[in-house]
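Enquirer: coords please:
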Amino acid sequence: MATAKNKDASNNGSDPVIARNRKAFHDYDIVETCEAGIVLVGTEVKSCRGHSVQLQDCFAKIENGELLAYGIHISLYSFGNRFNHEAKRPRKLLMHKKEILRLANKVKEKGYALIPLKMYLKGMHVKVELGLARGKTFGDKRETLRRKQDDMDMRRAIASRRRG
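Expert: Presented below is the predicted three-dimensional model:
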């Protein structure tokens, strides 16, 4: 008998991660992450399962005690009819009220924002990983790129020593 963890990991041979926001790690320092559900209509779920999602330039906002995600682009479902969804609309994120209030207090501080980092499948549900992020300065971005380049150079040097 397979456990639930094994079912999620295999997921019928497909990748459970639907989309990643790689630019967020370049533009922001991620202080903490949390998981939220997302309210989607039927054709949006089918598009998500087909990996037709883009998370570039999206953000989350707390309005009237609700957590809303703006800028998430979910492409139209190719087999959808006249009831197909709107590609870029505000989507409600689902979290416990205490968590939303805690995030609201942190976002009120200067320089913090809520950024969706990735969308993924967890069982039958689509989830969003939110990051509490602080914006990087130009110098910080250059330092991050320099560090990545140094790591890559070091890996190449080690690999070349092993070969020859």
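Enquirer: now the most centrally placed residue in the chain: how far from Leu40?
Expert: With distances taken as Cα atoms, centre = their mean, Lys118 lies nearest the centre of the chain, 1.8 Å away. Noted for Lys118: a distance of 16 Å to Leu40, by Cβ to Cβ, to the nearest Å. Yep, even glycine has a C-beta here, placed from its N, CA and C like the rest.
Enquirer: circling back: quickly find the element holding the residue nearest to the centre of the chain.
Expert: Secondary structure from DSSP states H and E places Lys118 in strand 112-122.
Enquirer: after that strand, next one along is what?
Expert: Toward the C-terminal end, the helix or strand that comes next after strand 112-122 (DSSP H and E) is strand 125-135.
Enquirer: That next one to strand 112-122, inter-axis angle?
Expert: 160 degrees (axes from the mean of the first three to the mean of the last three Cα atoms, to 10 degrees).
Enquirer: any idea how far strand 125-135 is from the chain center?
Expert: 5 Å (Cα atoms, centre = their mean, to the nearest Å).
Enquirer: Give the buried residues for it.
Expert: Val126, Lys127, Val128, Glu129, Leu130, Gly131, Leu132, Ala133 (16 or more other Cβ atoms under 10 Å).
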